[in-house]
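>>> below: sequence and its predicted model.
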Amino acid sequence: MADQAQPKKKREMLTSFSIIFIILAAVCLITVAVAGTTEAVTGATLGDFMMAPAKGFADAIDVCLFVMVLGGFLGIVNKTNALNDGIAVLVRKMGGNEIALIPILMGLFAIGGSTYGMCEETVGFYALLSATMMAAGFDTLTGAMMVLLGAGVGCLGSTVNPFATGVASAALTSAGIKVDQSIVLGIGATLAVVSYLIAVIFTIQYAKRVKADPSRTLLSATELANAEATYGAASEEANKDVKLTGKQKAVLGVFAAAFIIMVISFVPWEDLGVNVFVSDAASHEEVTKVTAEDLTNTYKDKKIGDLAFTGDVEAELTTSVTDNAGWSSFLTGTPLGQWYFAESTTWFLLLAIVIGVIGGLSEHEIVNEFMAGAGDMMSVVMIIALSRGVSVVMGATGLSEYVLNAAADALAGTSGVVFCIGSYLLYFLLSFLIPSTSGMATVSMPIMGPLAQQLGFNPAVMIMIFSAASGAVNLITPTNGAIMGGLALSRIEYATWVKFALKVVAAIALASVVILTIAMMVL
């Protein structure tokens, strides 16, 4: 906001990079200390610490590449000026009622989070909503709240999210434990609705406060300057009587389609019983005869010991070969509903070129703007890579499994209330270091699920304890690359976000524990 008052005091805070490096160093030191007491943990070496960022980048390369291409896509869109003018037209049509966008958009993000774990793919929305909220007289923090809290509370209250409750249920099923999905759906929906209402209330209160008095923003002078430099153009356009040209309308149409298709492509439709995108899929089985000699030649270079065979051994290996993955796979080879970051990267790369052509840009302009936009995302990419490095160290040293097993032993034999609260706190702690819900579910459910059943508690409730706790932590943890990347796009320092979010997380956590404890005692 060009006329926004500046805070009286200038604050210098640690950058996101420094905060993550400190956490990484602390984790490495903890592994060294714990390794001296147990063989279950391997102490991290100096090499592990130094290589963590590079290994984190390698582990998160799909997300990093997606973010870079997304930056190039946004760079070309911005060159057409369609987005800034479109925001100006939207703000003018809202007529001062922009605050109504908050519950609507947060609700859409929440649905995405609850159904398919919408998280990393929200990164592109931070820039869009930061610009929109600044143009409407709020600040970039308001835009970040809408995205982060909206999708975050949805993930917290996962219902059919395959990356959270889906993986957790599968882990328990593999262990021979039956999971009542109606309980998962019921508790998940309850958590999602309650958390959504809390998040919306906090967001609207802050937005109204900043709208009435811009000096009450939580952003520092440096953050305000950075936000103004990045999104000030949208704010200036909002004060003009701009009209969209035919080319700009076409660009915005393709822009909207890009995100709509991306969202549709990530939803696991087949798991939900919807097969429209693979209605014409076809495959056939091929049978291959395998002999002992074939097996020896196949595995002789593998590090699985020496293989020895006696007599004439012959077996039939049956494999399924896809003839047609479905009509919606014509572009990437993968049908909608099965896309991940590689397919989304391809999609945005294609539409970046399409938008450049529609917007009347020359070949040189398309290439130059794409490269410049991708370059603007490098800080976001590095934050994501560094954040993933912490998880890499945790997994490689065995620290996460050690903490999990120790806590499970401590919770054995406790009452329902103590067990519920203790399990929630355990997941809350571990999720700071392992933000991946699928990774956490895979590691923890084979331990915590059977423990809950042995104590006479419903294992479905344990799944939701995991979902709620990890979801709450993923609203603030600096090891979540999507959060840190999104905040970087909104030009918000991590410490500023924590200052606001702690109250929200505390309220959501308290409400979640009450709901889960009741469920643990009743079901």
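Great, that's in hand.
>>> quick one, strands of the protein?
Secondary structure of the chain (DSSP state E): strands at 282-291, 314-324.
>>> what's the first one packed up against?
The reference is to strand 282-291. Applying 3 or more CB pairs under 8 Å, 6 or more residues apart in numbering; DSSP states H and E, we find strand 282-291 packed against strand 314-324. In this view, the C-beta of every residue, glycine as well, is placed from N, C-alpha and C.
>>> low-confidence ranges in the stretch 301-450 of the chain?
301-317, 320, 323 (pLDDT under 70).
>>> okay, helices next: where are they in it?
With DSSP state H, counting those that start in this stretch as the criterion, the stretch 301-450 of the chain has helices at 341-358, 363-376, 378-397, 399-411, 416-433, 437-454.
>>> same list, those helices, but as a markdown table with distance to residue 497 and mean neighbour count please.
A markdown table is the format used below for the helices of the stretch 301-450 of the chain (distance: least, CB to CB, whole Å; neighbours: other CB atoms under 10 Å):
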| stretch | distance to residue 497 | mean neighbour count |
| --- | --- | --- |
| helix 341-358 | 24 | 20 |
| helix 363-376 | 20 | 17 |
| helix 378-397 | 13 | 23 |
| helix 399-411 | 25 | 18 |
| helix 416-433 | 15 | 20 |
| helix 437-454 | 20 | 21 |
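>>> out of those helices, flag the one nearest residue 14.
Taking CB to CB, helix 378-397 is the member of these nearest to residue 14, at 13.1 Å.
>>> quick one: that closest one to helix 437-454, angle?
Taking axes from the mean of the first three to the mean of the last three CA atoms, to 10 degrees, one finds helix 378-397 and helix 437-454 inclined to each other by 40 degrees.
>>> next, the angle helix 416-433 makes with helix 378-397.
Using the same axes, to 10 degrees: helix 378-397 against helix 416-433 is 120 degrees.
>>> chain center to helix 378-397, what's the gap?
Here helix 378-397 shows a centroid-to-chain-centroid distance of 14 Å under the convention CA atoms, centre = their mean, to the nearest Å.
>>> now do stretch 471-488
The answer for stretch 471-488 is 8 Å, by CA atoms, centre = their mean.
>>> average pLDDT across that stretch?
Averaged across stretch 471-488, pLDDT comes to 88.
>>> also stretch 192-201?
97.
>>> need the residues that contact that stretch.
Stretch 192-201 is contacted from outside by 102-103, 106-107, 110, 113-114, 145, 149-150, 152-154, 156-159, 471, 504, 507-508, 511-512, 515, using CB atoms under 8 Å, 6 or more residues apart in numbering.
>>> quick one: which of these sit in helices?
With DSSP state H as the criterion, helices contain 102-103, 106-107, 110, 113-114, 145, 149-150, 152-154, 156, 471, 504, 507-508, 511-512, 515 from among the contacts of stretch 192-201.
>>> related to what we said a few turns ago, so how do I select the buried members of the contacts of stretch 192-201 in PyMOL?
Command for PyMOL that selects the buried part of the contacts of stretch 192-201, burial taken from 16 or more other CB atoms under 10 Å:
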select buried, resi 102+103+106+110+113+114+145+149+150+152+153+154+156+157+158+159+471+504+507+508+511+512+515
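>>> how about the closest residue to residue 144 other than its chain neighbours, phi and psi?
Spatial nearest neighbour of residue 144, excluding adjacent residues (CB to CB, 6 or more residues apart in numbering): residue 490 at 4.3 Å. Per-residue torsions, residue 490: phi -80, psi 0 (degrees, to the nearest 10).
>>> let me see the contact set for residue 490.
Here residue 490 is in contact with 126, 127, 130, 140, 141, 143, 144, 227 (CB under 8 Å, 6+ apart).
>>> least confident pick among those residues?
residue 127 (86).
>>> okay, residue 48: pLDDT?
So residue 48 comes in at 92 (pLDDT).
>>> sorry, wrong one. I was asking about residue 492.
Looking at residue 492, its pLDDT reads 94.
>>> burial count for it?
Residues within reach of residue 492, counting by other CB atoms under 10 Å, total 28.
>>> surely it touches residue 145?
No: counting by CB atoms under 8 Å, residue 145 is not a contact partner of residue 492; they are 9.9 Å apart.
>>> ok so, going back, need the helices of the stretch 301-450 of the chain in a markdown table (columns: distance to residue 324).
Formatted as a markdown table, the helices of the stretch 301-450 of the chain follow (distance: least, CB to CB, whole Å):
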| stretch | distance to residue 324 |
| --- | --- |
| helix 341-358 | 17 |
| helix 363-376 | 33 |
| helix 378-397 | 35 |
| helix 399-411 | 41 |
| helix 416-433 | 40 |
| helix 437-454 | 29 |
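>>> nearest to residue 465, out of these?
Nearest of the helices of the stretch 301-450 of the chain to residue 465, taken as CB to CB: helix 416-433 at 5.0 Å.
>>> list of residues touching the closest one?
Under the criterion CB under 8 Å, 6+ apart, residues 27, 390-391, 394, 399-400, 403-404, 407, 410-411, 414, 440, 444, 448, 452, 455, 457, 461-462, 465-466, 468-470, 472-474, 477, 479, 509, 512-513, 516-517, 520-521 lie in contact with helix 416-433.
>>> how about the residue positioned nearest the centre of the chain, phi and psi?
Centroid-nearest residue in the chain, with CA atoms, centre = their mean: residue 119, separated by 2.5 Å. The phi/psi pair for residue 119 (degrees, to the nearest 10) reads phi -150, psi -80.
>>> please tell me how far residue 119 sits from residue 385.
16 Å (CB to CB, to the nearest Å).
>>> one more: residue 465?
From residue 465 across to residue 385, the span is 31 Å (CB to CB).
>>> can you pull the contacts of residue 394?
With contact set as CB under 8 Å, 6+ apart, residue 394 has these partners: 27, 400, 433, 434.
>>> residue 341 now?
Residue 341 neighbours (CB under 8 Å, 6+ apart): 62, 63, 65, 66, 120.
>>> looking at those, which is nearest residue 334?
Comparing the contacts of residue 341 against residue 334 with CB to CB places residue 62 closest, at 13.3 Å.
>>> identify the residue spatially nearest to the closest one, adjacent ones excluded.
Using CB to CB, 6+ apart, the closest residue to residue 62 is residue 341 (4.0 Å).
>>> out of the helices of the stretch 301-450 of the chain, flag the one nearest residue 486.
Proximity to residue 486 (CB to CB) singles out helix 378-397 among these, at 8.2 Å.
>>> angle of the closest one against helix 399-411?
Helix 378-397 and helix 399-411 meet at an angle of 60 degrees, taking the same axes, to 10 degrees as the criterion.
>>> got the angle between helix 378-397 and helix 363-376?
Using the same axes, to 10 degrees: helix 378-397 against helix 363-376 is 50 degrees.
>>> stretch 372-385 spans what distance, first to last residue?
Start-to-end span of stretch 372-385 (CA to CA, to the nearest Å) is 20 Å.
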